[in-house]
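Visitor: sequence first, then the predicted structure:
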Amino acid sequence: MVDERRFLNRELSWLDFDARVLELASEQGIPLLERAKFCAIFSSNLDEFFMVRVAALKDQLAAGIERTSVDGRTPSQQLGEISRRVAELVDHQERVLADELIPALRDHDIAIVSYDDLDEAERKVLDEHYEERVFPVLTPLAVDPSHPFPYISNLSLSIGAMVRDPETDERRFARIKIPDKLPRLIELDGGRFVPVEQLIASQLPGLFLGMEIEEWAMFRVTRNGDLTLEDEEADDLLELVEMELRRRRFNRAVRLEIDERVSEEMLALLVEELELHHADVSRHDRMLDLTALIALHDLPRPDLKDEAWPPVTAGRLVIADELDRPIVSVMRDRAIMVHHPYESFSSSIEAFLKQAAD
């Protein structure tokens, strides 16, 4: 008889791992921009967790599989505990951002500011940027009987708006996708950044001429990203992978992240159209998709980063290069162990693959 108490749940223990990543964002001994990077990594990890692990549990639930894991939890029990744990972690992340990272960044002349906080001259500069760079790549879509609810791609950031025709009093839901090609944070002079979605939201009246903007809110959808390959039956594995990747774009939604200010009406519409449950909704009072913080790490502020560690080439590979010997001949002598990231990836793995291709 297996004692279930002796086992940790795989999914919940993974969340404990990501919690440790988040704790590094609060570690005072780590340079500030590295801490912001860990906050972004936490969000990126959580995206993958939902795309693969939560999606797999939802697939089991949809298939009627209620077999317990080794720790004695059914898929539905695991999803319930994951929902509660993720809510705690996201709340903690937002408190770390608001109470620790943003004030510390401001003390070092780096700030993420709201469009509403800008003066008239700064807004004029951003408005010109919008007309030249942002507006041409926007595609607003309104939902009506002749235009069904639009497809929302995986991990895309969107503005949802309720607009009203003042003449007919007709109300519609509209969606504006934030194009991936746009930088998420627009830099102003002096180390200040404005989220691009705030700039776009400030221009909503111009996108829906003649309509009243009743409300708007940011939202983001995560879809099932698991890749299932029946490679034993495939004639061409590459073709099968390409086909599955195309199909994966249209997989079911597994999570909805949304602005805390959203109305119950808009939230209910999104939940229904995305075929989700309210337990799949994550509400935020800070900017969505904090992977955007990774952009701050590119700032030329070496005083706020770890000192770069230049990787070295493994000793046997150095000798092989000097003797003009291919890597495979060195491997025939005995196996090569390479320690990444301390030893160079480019002079070992990449060089080997290039030599093999040639």
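Guide: Thanks, I have the structure now. What you are looking at is a predicted structure, and each value in this text was computed from that prediction instead of being measured.

Visitor: list the contacts for the most centrally placed residue in the chain?
Guide: With distances taken as CA atoms, centre = their mean, residue 44 lies nearest the centre of the chain, 4.7 Å away. Contact analysis of residue 44 by CB atoms under 8 Å, 6 or more residues apart in numbering lists residue 291. All C-beta atoms are positioned from the backbone trio N, CA, C, and that covers glycine.

Visitor: now it: which helix or strand?
Guide: helix 32-48 (DSSP states H and E).

Visitor: list the buried residues for the following helix or strand past that helix?
Guide: Scanning forward in sequence from helix 32-48 by DSSP H and E, the next helix or strand is helix 55-62. Within helix 55-62, the residues scored as buried using 16 or more other CB atoms under 10 Å are 55, 56, 57, 58, 59, 60.

Visitor: so how far is the helix holding residue 44 off the chain centroid?
Guide: 10 Å (CA atoms, centre = their mean, to the nearest Å).

Visitor: got the domain boundaries for this protein?
Guide: In terms of domains, the chain is parsed into 1-108, 110-276, 315-357 (source: automatic domain parsing).

Visitor: restricting to C-alpha, output the host helix or strand of residue 93 in PDB.
Guide: Counting by DSSP H and E, the element that carries residue 93 is helix 75-96. What follows is helix 75-96, C-alpha atoms only, in PDB (Å, rounded to 0.1, in the frame of the first residue of the first chain):
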ATOM      1  CA  PRO A  75      -7.000  16.400 -11.700                       C
ATOM      2  CA  SER A  76      -9.800  18.600 -10.400                       C
ATOM      3  CA  GLN A  77      -8.300  18.700  -7.000                       C
ATOM      4  CA  GLN A  78      -4.900  19.700  -8.400                       C
ATOM      5  CA  LEU A  79      -6.500  22.400 -10.500                       C
ATOM      6  CA  GLY A  80      -8.300  23.800  -7.500                       C
ATOM      7  CA  GLU A  81      -5.100  23.900  -5.400                       C
ATOM      8  CA  ILE A  82      -3.100  25.400  -8.400                       C
ATOM      9  CA  SER A  83      -5.700  28.200  -8.700                       C
ATOM     10  CA  ARG A  84      -5.300  29.200  -5.100                       C
ATOM     11  CA  ARG A  85      -1.500  28.900  -5.000                       C
ATOM     12  CA  VAL A  86      -1.100  31.000  -8.200                       C
ATOM     13  CA  ALA A  87      -3.400  33.700  -6.900                       C
ATOM     14  CA  GLU A  88      -1.200  33.900  -3.800                       C
ATOM     15  CA  LEU A  89       2.000  34.100  -5.900                       C
ATOM     16  CA  VAL A  90       0.700  36.700  -8.300                       C
ATOM     17  CA  ASP A  91      -0.500  38.800  -5.400                       C
ATOM     18  CA  HIS A  92       2.900  38.600  -3.900                       C
ATOM     19  CA  GLN A  93       4.600  39.400  -7.200                       C
ATOM     20  CA  GLU A  94       2.500  42.600  -7.500                       C
ATOM     21  CA  ARG A  95       3.400  43.600  -4.000                       C
ATOM     22  CA  VAL A  96       7.100  43.100  -4.700                       C
END
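
Visitor: what's the mean pLDDT across stretch 158-165?
Guide: In this model, stretch 158-165 has an average pLDDT of 92.

Visitor: list the buried ones in it?
Guide: Under 16+ other CB under 10 Å, the buried positions of stretch 158-165 are 158, 159, 160, 161, 162, 163.

Visitor: now do the SS call for the nearest residue to the fifth one once chain neighbours are set aside.
Guide: Counting by CB to CB, 6 or more residues apart in numbering, residue 162 lies nearest to residue 214, which is 4.4 Å off, once chain neighbours are set aside. Of the three states, residue 214 takes strand according to DSSP: H, G, I helix; E, B strand; the rest coil.
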